[in-house]
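> kindly generate the corresponding structure for this input.
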Amino acid sequence: MKQGLLDNMRMSRKCRMVLATCLGSLVLVIFYFQSMLHPVMRRTPFGMDVCCRKGSRSPLQELYNPTQYEFSSTEVAHQIRRNQVAQTCRANNARSRKRRVLTPNDLKHLVVDEDHKLIYCYVPKVACTNWKRVMMVLTGRGKYSDPMEIPANEAHIPSNLKTLNQYSISEINHRLKNYLKFMFVREPFERLVSAYRNKFTRRYNTSFHKRYGTKIVRRQRKNATREALRSGDDVKFEEFVGYLINPHTQREEPFNEHWETVYSLCHPCHIHYDLIGKYESLQEDANYILRLAGVDNLVKFPTYAKSTRTTDEMTAQFFQNISSAFQTQLFGLYKLDFVMFNYSVPNYLKLA
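As a prediction, the model looks like this:
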């Protein structure tokens, strides 16, 4: 009888252990799926949860611990984009032999808004002029009220906005940990064609013609005229592509920011971006960020003039005269941007 009692006790203990294990597994599964859709807030260096601080809530708190959580398609889209970036970075880091360390110069594209705890990495040809205008309104302390009142050239004056490389190391780390970080991306070849159209087909961009146009003509054009070598104002798209894929170009100096990859401008494998907006959903993503920051009543993101935008159809026309070999080499340069931001290989490409 005593042996039977012992057997029953052992069986009861086993049942409790199995039950506890099952419950524990269930909690872990629930936590896993919650974290996929609603990431847990990171902790401050002092161990206190950011969500538990007193005072007004920051955009970072509203994103990861919203006051009234509503499961929206916009939130799902941004979570998918974050996951795609993280997955690509893991794969890329696994292939790399050593991890690159960022320098202050790498942070010059990250614009800081102290008042609203925002960091924006600007990417040329992805509505960055209008985003800089918006950031000037937010950081101008009442100097500006309407972004479109700010001339485009004034938006690009470096002293009008503060960038992350102007802070000390400890200040940089504090802001990267506690501020909401966002950037906007665009289909890489549409962005490239947009840069070409703006910098090499507009007569007023003489500085680009002198610095880059003359160099491209000299390197890519056989029997160039003396006038073309002097002015550099008639660069063909085929010559521009040839210049980009030329190994000498890449050894000579970094790409200009207008055709540099987003990966190299914003360093998404080193810096965790909370929101990744897309040019294709510009207005919706911009409104979402301004709402999270609690400033949608202070500033509106400007609507875009669609008549001047570079489209997929227009990009396809520019690539018609580019050889398969050149297309393949060019795609290799921008492949990481295509994969990281989930852009498919364009149908018009003829890859070798």
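
> just give me the residue closest to the centre of this protein.
Met183 (3.8 Å; CA atoms, centre = their mean).

> A helix includes it, no?
No - Met183 sits outside any helix when classified using DSSP: H, G, I helix; E, B strand; the rest coil, being strand.

> so which strand or helix has the residue nearest to Phe301 when sequence neighbours are not counted?
Spatially, and ignoring its direct neighbours in sequence, Phe301 is nearest to Ala286 (3.8 Å; CB to CB, 6 or more residues apart in numbering). All C-beta spots, glycine's among them, are computed from the backbone N, C-alpha and C. Using DSSP states H and E, Ala286 sits within helix 282-292.

> buried ones in that helix?
When neighbours are counted by 16 or more other CB atoms under 10 Å, the buried residues of helix 282-292 are found to be 282, 285-286, 288-290, 292.

> next, give me the two most distant ones among those.
Leu282 and Leu292 (16.0 Å; CB to CB).

> re the thing from before, ok, of the buried residues of helix 282-292, which one's closest to Phe319?
Relative to Phe319, and with distances defined as CB to CB, the nearest of the buried residues of helix 282-292 is Leu282, at 23.4 Å.

> hang on, that closest one packs against Trp131?
No - counting by CB atoms under 8 Å, Leu282 does not reach Trp131; the two are 9.6 Å apart.

> shared neighbours, those two?
184, 301 (CB atoms under 8 Å, 6 or more residues apart in numbering).

> continuing past the lowest-mean-pLDDT helix or strand in the chain, what's the next helix or strand?
Here the helix or strand of the chain ranked lowest by mean pLDDT, DSSP states H and E is helix 2-37, holding a mean of 39. As assigned by DSSP H and E, the chain's next helix or strand after helix 2-37 is helix 59-64.

> compute the inter-axis angle for the helix or strand just after that next one and helix 282-292.
Once helix 59-64 ends, the next helix or strand along the chain (criterion: DSSP H and E) is helix 73-95. On the basis of axes from the mean of the first three to the mean of the last three CA atoms, to 10 degrees, helix 73-95 is oriented at 100 degrees to helix 282-292.

> quick one, strands of the stretch 151-300 of the chain?
All strands of the stretch 151-300 of the chain, identified by DSSP state E, counting those that start in this stretch, fall at 180-185, 275-278.

> what's the separation between Thr328 and Gln320?
From Thr328 across to Gln320, the span is 16 Å (CB to CB, to the nearest Å).

> ok, those two, which is more surrounded?
A direct count of neighbours by other CB atoms under 10 Å for Thr328 and Gln320 places Thr328 higher, at 14 against 9.

> and the helix or strand encompassing the more buried one, what does it pack against?
Here Thr328, judged by DSSP H and E, is contained in helix 324-340. If contacts are counted by 3 or more CB pairs under 8 Å, 6 or more residues apart in numbering; DSSP states H and E, helix 324-340 sits against helix 73-95, helix 188-200, helix 237-245, helix 262-266.

> got a list of what the residue nearest to the centre of the chain touches?
Contacts of Met183 were listed using CB under 8 Å, 6+ apart, and they are 120-123, 262, 266, 268, 273, 275-277.

> which one of these has the most neighbours?
Top of the contacts of Met183 by neighbour count (other CB under 10 Å): Tyr120, with 29 neighbours.

> in which helix or strand would I find that one?
Short version, using DSSP H and E: Tyr120 is in strand 118-121.

> where does the stretch 251-352 of the chain have low pLDDT?
Along the stretch 251-352 of the chain, the parts satisfying pLDDT under 70 run over 304-308.

> picking up where we left off before, reformat the buried residues of helix 282-292 as JSON lines; add distance to Glu227.
Shown next, in JSON lines, are the buried residues of helix 282-292 (distance: CB to CB, whole Å):
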{"residue": "Leu282", "distance to Glu227": "40"}
{"residue": "Asp285", "distance to Glu227": "45"}
{"residue": "Ala286", "distance to Glu227": "43"}
{"residue": "Tyr288", "distance to Glu227": "50"}
{"residue": "Ile289", "distance to Glu227": "47"}
{"residue": "Leu290", "distance to Glu227": "48"}
{"residue": "Leu292", "distance to Glu227": "53"}
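
> isn't Val134 right up against Asp146?
No - the criterion here is CB under 8 Å, and Val134 misses it with Asp146 at 10.3 Å.

> between these two, who's got more neighbours?
Remark: of Val134 and Asp146, Val134 carries more neighbours, 27 against 11, as counted by other CB under 10 Å.

> quick one: pLDDT of the more buried one?
Val134 carries a pLDDT score of 97 in this model.

> wait, what's in contact with it?
147, 286, 290, 299, 301-302.

> so after the strand holding Tyr120, what's the next helix or strand?
Strand 118-121 is succeeded, C-terminally, by helix 128-139 (DSSP H and E).

> and the angle from that next one to strand 180-185?
Going by the same axes, to 10 degrees, helix 128-139 makes 160 degrees with strand 180-185.

> helix 128-139: how far from the chain's middle?
In this view, helix 128-139 has its centroid 16 Å away from the chain centroid, taken as CA atoms, centre = their mean, to the nearest Å.

> list the buried ones in that helix?
Buried, per 16+ other CB under 10 Å, within helix 128-139: 128-139.

> would you list the contacts of Val134 in JSON lines and tack on distance to Asn342?
Below are these laid out as JSON lines (distance: CB to CB, whole Å):
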{"residue": "Pro147", "distance to Asn342": "29"}
{"residue": "Ala286", "distance to Asn342": "19"}
{"residue": "Leu290", "distance to Asn342": "24"}
{"residue": "Val299", "distance to Asn342": "29"}
{"residue": "Phe301", "distance to Asn342": "23"}
{"residue": "Pro302", "distance to Asn342": "26"}
